[in-house]
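Student: Just a sequence and a predicted model for now, questions to come.
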Amino acid sequence: MILGIPKEILDNESRVAAIPATVKQYVAAGFDVKVQSGAGADAQISDADFKEAGAEVLADAAAIYSASDMILKVNSPTDDEIDMIKDGSSYISFFQTMKETSKVTALQKKNITGYSMHLIPRSSLAQKMDALSSQTNIAGYKAVLIASCHIEKYMPLLMTAAGTIPPAKVLVLGAGVAGLSAIATAKRLGAQVEASDVRPEVKEQVESLGAKFLEVKSDSDDGVGEGGYAKETSEEYKKKQAELLEQRVADSDIVVTTALIPGRPAPILISDDMVKSMRPGSVIMDLAAENGGNCGFTKPDEIVDINGVMVDGTINIAGTMSVHASQLYSKNVSAFILHGYDKEKKEFNLEDEIVSGSMFIHAGEIVDERTKSAIEGSNQ
């Protein structure tokens, strides 16, 4: 089987889906690996590095797509890339299948088998394949560093001969992987940190990092979804949450929002009035911008100024750390491929629960029910 790694072509994308270390693993497992020239340049990997690892370097994307049985990418394919994909081949990437329904139907016409790193099951066995966690961990870390530069203030408490500087106040909304990473980074920088999440069971994790947990009192498991994800909350819960956050947002120098619900638009957690109550010079880092944002003023991949409050909707924050983001993502992908590939039969074990769970289309047939429902809904 031939694995192909083309160069990512979206603006501001510096990651690559394979590194020399994973290429060596693929070659040892019996795969042929073809890499597009320059694919790893933004992640500080040269063509010579890939060749030394055992890959063949081809000049252009068309050569990669036409030769490969399976394409490994970071992003979902553009229309031009879909045109180049070989009929009947396979494709792996971060593919938001419930959002990018037109691309799914385009792959159907070419009898593609598609796997999404977004759909990797949440299980202990699949933990090393969890690319969402590896990339959002980076995003949470880097978001705080970016925010600390935006606010033009010290982060830690400082006692100097010229006077005492109070610590910056950081509020993190959503205590999943990205949120916990943001909390830990803000604490390491010396900030005063508070956090909120719809799942009460994360309180212990938040407090273990030294942050204060802001808890919305509820008699039910409102907000607790399957597989550790959050789910849509009731209107009553949202009202209580807004009341709790109103003053905390106004007092914060930095607000980091991370609330995402798989396959759904991001919930609005910060109202327009909350933004207008913040002090000029404060900042909101909206890590849910890709799915619309947790703030009504968020514009994907833009930084907007609302009465002196900066709302940063940068989407691909993980991509700003291309070396380690590529390293982690490529290892997630290789763990998935090497787990699902049967060396003797030289094919993927489609009965495996991780392989089948992450597969949204097989030989042109949509096999993921969530994806199928989204496509049916978009056609109505």
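Tutor: Arrived safely. Residues are numbered from 1 along each chain as shown.

Student: got the CA coordinates for stretch 281-290 in PDB?
Tutor: Extracted in PDB, the C-alpha atoms of stretch 281-290 (Å, rounded to 0.1, in the frame of the first residue of the first chain):
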ATOM      1  CA  GLY A 281      -7.100  46.600  27.100                       C
ATOM      2  CA  SER A 282      -8.600  43.200  28.100                       C
ATOM      3  CA  VAL A 283      -8.700  40.400  25.600                       C
ATOM      4  CA  ILE A 284     -10.900  37.400  24.700                       C
ATOM      5  CA  MET A 285      -9.200  34.400  23.100                       C
ATOM      6  CA  ASP A 286     -11.900  32.400  21.400                       C
ATOM      7  CA  LEU A 287     -10.700  28.900  20.700                       C
ATOM      8  CA  ALA A 288     -14.100  28.000  19.400                       C
ATOM      9  CA  ALA A 289     -13.900  30.400  16.500                       C
ATOM     10  CA  GLU A 290     -13.700  27.700  13.900                       C
END
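
Student: gap between it and the chain center?
Tutor: 15 Å (C-alpha atoms, centre = their mean, to the nearest Å).

Student: From P167, how far out is the closest residue to S277 other than its chain neighbours?
Tutor: Of all residues not flanking S277 in the chain, A250 sits nearest, at 4.1 Å (C-beta to C-beta, 6 or more residues apart in numbering). Where you see a C-beta, it was placed from the backbone N, CA and C, and this is true even at glycine. Taking C-beta to C-beta, to the nearest Å as the measure, A250 falls 17 Å from P167.

Student: Over to Y65?
Tutor: For Y65, the distance to P167 (C-beta to C-beta) stands at 52 Å.

Student: Neighbour count: the two, which is higher?
Tutor: For Y65 versus P167, the count of surrounding residues by other C-beta atoms under 10 Å is larger for Y65: 23 against 18.

Student: where do the helices sit along the stretch 151-300 of the chain?
Tutor: 177-188, 203-208, 235-251, 272-277 (DSSP state H, counting those that start in this stretch).

Student: winner for burial among those?
Tutor: Highest mean neighbour count among those (mean count of other C-beta atoms under 10 Å): helix 177-188, with a mean of 24.

Student: Which elements pack onto that helix?
Tutor: helix 131-150, strand 169-173, strand 192-196, helix 203-208, strand 254-257 (3 or more C-beta pairs under 8 Å, 6 or more residues apart in numbering; DSSP states H and E).

Student: Save those as JSON lines, and put in distance to P280 and mean pLDDT too.
Tutor: Listed next are the helices and strands packed on helix 177-188 as JSON lines, based on distance: least, C-beta to C-beta, whole Å; pLDDT from 0 to 100:
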{"stretch": "helix 131-150", "distance to P280": "12", "mean pLDDT": "97"}
{"stretch": "strand 169-173", "distance to P280": "15", "mean pLDDT": "98"}
{"stretch": "strand 192-196", "distance to P280": "20", "mean pLDDT": "97"}
{"stretch": "helix 203-208", "distance to P280": "29", "mean pLDDT": "96"}
{"stretch": "strand 254-257", "distance to P280": "14", "mean pLDDT": "98"}
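
Student: Of these, which stretch is the most buried?
Tutor: Greatest average neighbour count among those goes to strand 254-257 (a mean of 29), per mean count of other C-beta under 10 Å.

Student: Give me the helices and strands touching that strand, please.
Tutor: Strand 254-257 makes packing contacts with helix 131-150, strand 169-173, helix 177-188, strand 283-286 when contacts are defined by 3+ C-beta pairs under 8 Å, 6+ apart.

Student: change it to 10 Å
Tutor: Packing partners of strand 254-257 (3 or more C-beta pairs under 10 Å, 6 or more residues apart in numbering; DSSP states H and E): helix 131-150, strand 169-173, helix 177-188, strand 192-196, helix 235-251, strand 283-286, strand 309-312.

Student: can you state the direction angle for the fourth one and strand 169-173?
Tutor: Right, strand 192-196. Strand 192-196 and strand 169-173 are oriented at 20 degrees to each other (axes from the mean of the first three to the mean of the last three C-alpha atoms, to 10 degrees).

Student: any idea of the angle strand 192-196 forms with helix 131-150?
Tutor: 140 degrees.

Student: what's the distance between strand 192-196 and the middle of its chain?
Tutor: On C-alpha atoms, centre = their mean, the centre of strand 192-196 falls 22 Å from the chain's centre.

Student: Tell me the spacing between T298 and Y91.
Tutor: Going from T298 to Y91 by C-beta to C-beta gives 30 Å.

Student: With V198 instead?
Tutor: For V198 relative to Y91 (C-beta to C-beta), the value is 34 Å.

Student: now swap in S330 and tell me
Tutor: 16 Å.

Student: And for I146?
Tutor: Going from I146 to Y91 by C-beta to C-beta gives 32 Å.

Student: and what of T258?
Tutor: 28 Å.

Student: higher neighbour count, those two?
Tutor: Ranked by neighbour count (other C-beta under 10 Å), T258 and Y91 place T258 first, with 29 against 25.

Student: Can you tell me the closest non-neighbouring residue to the more buried one?
Tutor: In space, T258 comes closest to G174 once its chain neighbours are excluded; the distance is 3.6 Å by C-beta to C-beta, 6+ apart.

Student: isn't the one you found right up against M285?
Tutor: No: here G174 does not reach M285: they are 11.6 Å apart, not a contact under C-beta atoms under 10 Å.

Student: And M129, how far from A168?
Tutor: 36 Å.

Student: Also A62?
Tutor: For A62, the distance to A168 - C-beta to C-beta - is 50 Å.

Student: Have a look at those two and say which one is more surrounded.
Tutor: Higher neighbour count among A62 and A168: A168, with 23 against 15, using other C-beta under 10 Å.

Student: Next one: the more buried one, what pLDDT does it get?
Tutor: Here, the pLDDT recorded for A168 equals 98.

Student: quick one: contacts for it?
Tutor: Residues in contact with A168 (C-beta atoms under 10 Å, 6 or more residues apart in numbering) are 147-148, 151, 153-157, 186, 189-193, 252-254, 282.
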